[in-house]
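Peer 1: Below: sequence and its predicted model.
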Amino acid sequence: MIGQFYSFIYIHIFLYILNTHHVVNVKYSLHTLGSNLFFVIETTTVSFSHSMDDEYEKFIRRMNPPRVVIDNETCKNATVIQVHSTNKYGILLEVIQVLTDLNLVVTKAYISSDGGWFMDVFNVTDQDGNKILDEGILDYIQKSLGPDSCFASSMRRSVGVKSSVDHTSIELIGSDRPGLLSEVSAVLTDLKCNVVNAEVWTHNTRAAAIIQVSDENTGSAIVDPDKLALIKKLLYNVLRGSNKSREAKTAVSHVVTHKDRRLHQLMFADRDYERPIDGASGDIERPKVSIVNWYDKDYSVVTIKCKDRPKLLFDTICTLTDMQYVVFHGSVDSEGPEAYQEYCVRHIDGCPVKSDAEKQRVIQCLEAAIERRVCEGLKLELCTTDRVGLLSDVTRIFRENSLTVIRAEVSTRNGKAINTFYVRDTSGYPVEAKIIDYIRQTIGQNVLRVKGAPEDLNQVPQESPTRFLFGGLFKSKSLCNFGLVRSYS
């Protein structure tokens with residue numbers, strides 16, 4: 001018993017020294033003086049490095065391996081997933097990211113990470129509201145979140161941690177306008193770039209995109225520095241357009257990023273949460289976000305109420321994490337049409353929200369995170385054999401028929417292009433059924449399917465002077481004749 005007690009004391013002292021001094025060499029001896037016990041410890045320390053941070057975290061994980069319990073019996077309508085692990089900054093987002101990437105729906109969640117231990121309970125279903133019974137998915141969850149998982153050791157390195165030889169990633173941020181995606185994809189096609197995957201978001205007059213491309217000739221990543229520089233230059237010209245008041249940015253890399261998280265970071269850095277002074281919200285229902293300070297516990301309590309939608313939990317936790325707030329306790333309920341989230345948070349410096357200005361900024365950023373993925377437009381799904389220039393051709397047809405893309409998800413699987421577009425009429429009116437019929441006939445009835453709100457197609461909008469004057473311009477072939485498709489040159 002005495003030996004075990006001594007070992008227990010030594011381990012805790014050893015962990016404390018490792019944590020605070022980044023020790024690489026430890027020598028110790030045990031001494032007694034009367035009834036008192038002394039440890040004499042000699043250490044060698046070095047300056048902080050990521051590799052030492054990794055080794056320390058690996059040691060902690062070996063001492064206290066994470067544990068995942070998956071229960072399909074307790075809850076009638078959902079699979080219950082419990083995750084227990086040593087606590088670290090960003091672990092909540094890591095767990096939610098794994099569940100979100102599997103397209104699981106979190107109907108309830110309970111979060112507790114106050115201290116050195118993290119415990120989370122999630123009630124999850126598939127997209128159809130059923131329990132998760134697929135053994136492959138359950139095994140993946142165990143491997144991704146359990147003792148054998150390979151979490152990135154720090155959230156600051158969770159973006160851009162894996163090199164890719166298959167494609168080049170292009171990051172874009174700039175002012176949104178009708179036809180922007182069409183122009184961007186036309187540039188890439190002209191430069192012999194094949195779009196493999198892409199994600200495009202628009203919010204508050206701003207647009208952000210992550211596009212993964214391969215070289216048409218080699219089928220692999222683009223490595224020619226001159227060509228990469230030309231891609232950046234031409235896309236920058238397209239993004240900037242005639243808007244001189246807001247900055248446009250382009251970047252290329254050969255690393256794999258988590259697209260959703262990176263898009264949040266791009267739009268946050270671009271300050272898309274700042275609404276234009278004359279920006280009208282229309283009839284769109286805004287999320288309700290409030291923050292109050294719980295002075296007895298030194299927390300700020302963040303409450304969110306809004307219409308539920310896929311990936312909502314990921315978006316809010318991602319934003320809080322990127323703003324360097326830590327969630328200590330929380331509860332989530334989204335079993336009905338509305339979602340309710342409540343979090344007890346502090347800034348990473350240990351303080352709750354300090355001022356009204358900080359409170360307002362957090363509220364604005366959470367509202368923006370919720371709204372970026374909300375799409376009031378018509379949903380169109382395209383599935384066909386992939387080819388170079390496909391995205392350019394499809395988006396050109398949209399633009400010529402007065403449709404603007406407000407969000408897009410482009411992917412390629414086994415030679416098939418599987419694309420989802422959320423579109424609106426450029427005039428702001430509901431999309432007319434005859435326009436969709438014409439587009440489907442042009443692209444292919446079995447290739448393009450309507451998945452949005454069909455009732456919008458049955459509404460006949462009133463004509464307006466603006467629509468009369470400019471509608472024909474978008475529908476005509478004159479855009480190509482005037483060279484507007486290649487306005488990047």
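Peer 2: Cool, got the structure. All values reported here derive from a predicted model rather than from experimental measurement. Numbering: from 1, shown residues only.

Peer 1: next one: phi and psi at residue 289?
Peer 2: When read as degrees, to the nearest 10, the backbone of residue 289 gives phi -120, psi 130.

Peer 1: Need the pLDDT of it.
Peer 2: As predicted, residue 289 sits at a pLDDT of 97.

Peer 1: and if you look at the one 5 residues further on?
Peer 2: With respect to pLDDT, residue 294 scores 93.

Peer 1: ok, it - contacts?
Peer 2: For residue 294, the contact set (Cβ atoms under 8 Å, 6 or more residues apart in numbering) comprises 300, 301, 344, 352. Glycine gets a C-beta too; all of them are placed from N, C-alpha and C.

Peer 1: In strands, which of those fall?
Peer 2: Counting by DSSP state E, the part of the contacts of residue 294 found in strands is 300, 301, 344.

Peer 1: Quickly list what the second one is bridged to.
Peer 2: The residues listed as beta-bridge partners of residue 301 by DSSP bridges are residue 292, residue 344.

Peer 1: Could you chop this structure up by domain?
Peer 2: Residue ranges for the domains of the chain, per automatic domain parsing: 2-47, 67-157, 166-254+375-486, 288-371.

Peer 1: starting at the chain centroid, how far to the longest one?
Peer 2: Pointing back at domain 166-254+375-486 there. Relative to the mean C-alpha coordinate of its chain, domain 166-254+375-486 is positioned 20 Å out (Cα atoms, centre = their mean, to the nearest Å).

Peer 1: that older thread, in a markdown table: the contacts of residue 294, plus neighbour count, pLDDT and distance to residue 331.
Peer 2: Converted to a markdown table, the contacts of residue 294 look like this (neighbours: other Cβ atoms under 10 Å; pLDDT from 0 to 100; distance: Cβ to Cβ, whole Å):
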| residue | neighbour count | pLDDT | distance to residue 331 |
| --- | --- | --- | --- |
| 300 | 23 | 97 | 16 |
| 301 | 18 | 97 | 11 |
| 344 | 21 | 96 | 10 |
| 352 | 21 | 96 | 18 |
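
Peer 1: sorry, back to before: which stretch among the domains of the chain approaches residue 262 most closely?
Peer 2: domain 166-254+375-486 (5.9 Å; Cβ to Cβ).

Peer 1: For the stretch 201-350 of the chain, which residues score under the pLDDT cut-off?
Peer 2: Within the stretch 201-350 of the chain, the stretches with pLDDT under 70 are 242-245, 277-284.

Peer 1: Mind doing that once more with 80?
Peer 2: Scanning the stretch 201-350 of the chain for pLDDT under 80 picks out 241-246, 276-285.

Peer 1: residues near residue 349, how many?
Peer 2: Residues near residue 349, counting by other Cβ atoms under 10 Å, number 8.

Peer 1: List just the nearest of the ones in strands among the contacts of residue 294 to residue 86.
Peer 2: Nearest member of those to residue 86, counting by Cβ to Cβ, is residue 344, at 19.9 Å.

Peer 1: ok, now how distant is that closest one from residue 369?
Peer 2: Look at residue 344 and residue 369: by Cβ to Cβ, to the nearest Å, they are 19 Å apart.

Peer 1: among the domains of the chain, which is nearest residue 272?
Peer 2: Closest among the domains of the chain, using Cβ to Cβ: domain 166-254+375-486, at 4.5 Å.

Peer 1: Need the ones in strands among the contacts of residue 294 in JSON lines (columns: distance to residue 174).
Peer 2: Converted to JSON lines, those look like this (distance: Cβ to Cβ, whole Å):
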{"residue": "300", "distance to residue 174": "34"}
{"residue": "301", "distance to residue 174": "37"}
{"residue": "344", "distance to residue 174": "37"}
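
Peer 1: thinking again about what came up before, export the domains of the chain to CSV and append columns for distance to residue 271.
Peer 2: Formatted as CSV, the domains of the chain follow (distance: least, Cβ to Cβ, whole Å):
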stretch, distance to residue 271
domain 2-47, 35
domain 67-157, 21
domain 166-254+375-486, 9
domain 288-371, 9
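
Peer 1: of all those, which lies closest to residue 276?
Peer 2: Here domain 166-254+375-486 is closest among the domains of the chain (Cβ to Cβ), at 6.3 Å.

Peer 1: For residue 375, give its distance to residue 451.
Peer 2: In terms of Cβ to Cβ, residue 375 sits 11 Å off from residue 451.

Peer 1: And the two? Which one has more around it.
Peer 2: Legend: neighbour count by other Cβ under 10 Å for residue 375 and residue 451, higher for residue 375 (18 against 12).

Peer 1: and residue 252, what does it touch?
Peer 2: Residues in contact with residue 252 (Cβ under 8 Å, 6+ apart) are 168, 169, 170, 171, 222, 228, 231, 232.

Peer 1: Could you export the helix or strand containing it as CSV, CA atoms only?
Peer 2: Per DSSP states H and E, residue 252 falls inside strand 249-253. Taking Å, rounded to 0.1, in the frame of the first residue of the first chain, the C-alpha atoms of strand 249-253 are listed here in CSV:
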residue,chain,number,x,y,z
LYS,A,249,-8.5,37.2,-51.5
THR,A,250,-7.2,34.0,-53.3
ALA,A,251,-4.9,31.3,-52.0
VAL,A,252,-3.7,28.0,-53.3
SER,A,253,-2.3,25.1,-51.3
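
Peer 1: Least reliable of the domains of the chain by average pLDDT, please.
Peer 2: domain 2-47 (a mean of 45).

Peer 1: Residue 387 looks like it's in a strand, true?
Peer 2: No - going by DSSP: H, G, I helix; E, B strand; the rest coil, the assignment for residue 387 is coil, not a strand.

Peer 1: What about the closest residue to residue 183 other than its chain neighbours, how many residues nearby?
Peer 2: For residue 183, ignoring the flanking residues on the chain, the nearest one in space by Cβ to Cβ, 6 or more residues apart in numbering is residue 238 at 5.0 Å. Residue 238 has 20 neighbouring residues, counting by other Cβ under 10 Å.

Peer 1: Next: residue 262.
Peer 2: 18.

Peer 1: repeat for residue 117
Peer 2: 12.

Peer 1: now swap in residue 140 and tell me
Peer 2: Using other Cβ under 10 Å: residue 140 sits among 14 other residues.

Peer 1: wouldn't it be in contact with residue 101 here?
Peer 2: No - judged on Cβ atoms under 8 Å, residue 140 makes no contact with residue 101 at a distance of 9.8 Å.

Peer 1: C-terminal to the helix or strand that contains residue 196, what's the next element?
Peer 2: Here residue 196, judged by DSSP H and E, is contained in strand 193-203. As assigned by DSSP H and E, the chain's next helix or strand after strand 193-203 is strand 206-215.

Peer 1: Taking strand 193-203 as reference, get the angle to that next one.
Peer 2: 170 degrees (axes from the mean of the first three to the mean of the last three Cα atoms, to 10 degrees).

Peer 1: Okay, now the sheet partners of strand 206-215, with direction.
Peer 2: strand 168-175 (antiparallel), strand 193-203 (antiparallel).

Peer 1: send the alpha carbons of it over as CSV?
Peer 2: What follows is strand 206-215, C-alpha atoms only, in CSV (Å, rounded to 0.1, in the frame of the first residue of the first chain):
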residue,chain,number,x,y,z
ARG,A,206,-19.9,38.2,-49.4
ALA,A,207,-19.0,34.9,-51.1
ALA,A,208,-16.4,32.3,-50.0
ALA,A,209,-15.4,29.1,-51.7
ILE,A,210,-13.0,26.2,-51.3
ILE,A,211,-12.4,24.5,-54.7
GLN,A,212,-10.2,21.4,-55.2
VAL,A,213,-8.9,21.1,-58.7
SER,A,214,-6.6,18.8,-60.6
ASP,A,215,-4.6,19.3,-63.8
